[in-house]
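**Q** Below is the sequence, then the predicted model.
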Amino acid sequence: MNNSKGSSLGGDFGILIKLAKKTALGFNYRSAITYHLHGTSTITGPQIVSSDNYHFKYWTPARSVLSLSHFLNKKFGVIGTIQYLQWSIFKEADIYNFATQSGSTAFINPQAHIKYNFHDSWLLTLGTIYNISSKWVVRVAGTYNQSPSNGRFQISTGDSLVVGSSMGYQVMKNFTVNFSYGHAFFKKENINIETAQNIITGVNQGVNDAVSLRLTFTA
């Protein structure tokens, strides 16, 4: 069992420009953040091995978002966003002093080197909103998400296309109910990992469905 915690500091900047009465252009930038995480790493079983000096670095990538929204009338609007995520901050990582096991022997590994070699990626979304009445609203959207992963170093999903819809109902002035459904199509991602211990080759692909119900109360 690994437990760690850490803190860091980053910046966020955004601006919204009204191009016309029914059209708005927005830009947001969130800086990359580096976390220095420290904690404990423990294996329990026939042998108990624990480290109090378990530590590593982790990151969240910088993100730039450009959005444009336009309402054709009071009921129907369109919004699109383009996001650029700087995943290339994930190149290599070192994990120190973690508990692990080889066969029946548990021990503290002083250092493990992990290669990510991610690349920057794009995330594109186009959606619509339709206000059926003062209480009912329907939303439909599609998102293309470019995978940042590298099939020579990790097993992960490829680029994906997510389509979904949601419906909201305002029960009272300060209470709304939203129901949504989404379906994701994942592109085939080739896997070709070669290490001193293993050679892993193949293709990773799949689909995913998500359903949610959200209740919102406002004071």
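**A** Noted; the coordinates are in hand.

**Q** other SSEs contacting the helix or strand where residue 125 lies?
**A** Counting by DSSP states H and E, the element that carries residue 125 is strand 121-131. Counting by 3 or more C-beta pairs under 8 Å, 6 or more residues apart in numbering; DSSP states H and E, the packing neighbours recorded for strand 121-131 are strand 76-85, strand 136-145. (Each C-beta comes from the backbone N, C-alpha and C, glycine too.)

**Q** right, and those strands - which one's nearest residue 23?
**A** Shortest distance between residue 23 and these, using C-beta to C-beta, is found for strand 76-85: 9.8 Å.

**Q** Can you list the buried residues in the helix or strand that the closest one is followed by?
**A** If you walk from strand 76-85 toward the C-terminus, the next helix or strand you reach (DSSP H and E) is strand 92-102. Judged by neighbour count using 16 or more other C-beta atoms under 10 Å, the buried positions of strand 92-102 are 95-99.

**Q** residues contacting the residue of the chain positioned farthest from its centre?
**A** Among the residues of the chain, the one whose C-alpha is farthest from the average of all C-alpha positions is residue 46, by C-alpha atoms, centre = their mean at 37.6 Å. By C-beta atoms under 8 Å, 6 or more residues apart in numbering, the residues touching residue 46 are residue 104.

**Q** Report pLDDT for it.
**A** What the model reports for residue 46 is a pLDDT of 77.

**Q** Please tell me how far it sits from residue 106.
**A** In this structure, residue 46 lies at 8 Å from residue 106, with C-beta to C-beta, to the nearest Å as the measure.

**Q** mind putting the helices and strands packed on strand 121-131 in a markdown table, mean neighbour count, mean pLDDT and distance to residue 36 included?
**A** As requested, the helices and strands packed on strand 121-131 are arranged in a markdown table below (neighbours: other C-beta atoms under 10 Å; pLDDT from 0 to 100; distance: least, C-beta to C-beta, whole Å):
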| stretch | mean neighbour count | mean pLDDT | distance to residue 36 |
| --- | --- | --- | --- |
| strand 76-85 | 16 | 97 | 22 |
| strand 136-145 | 16 | 96 | 29 |
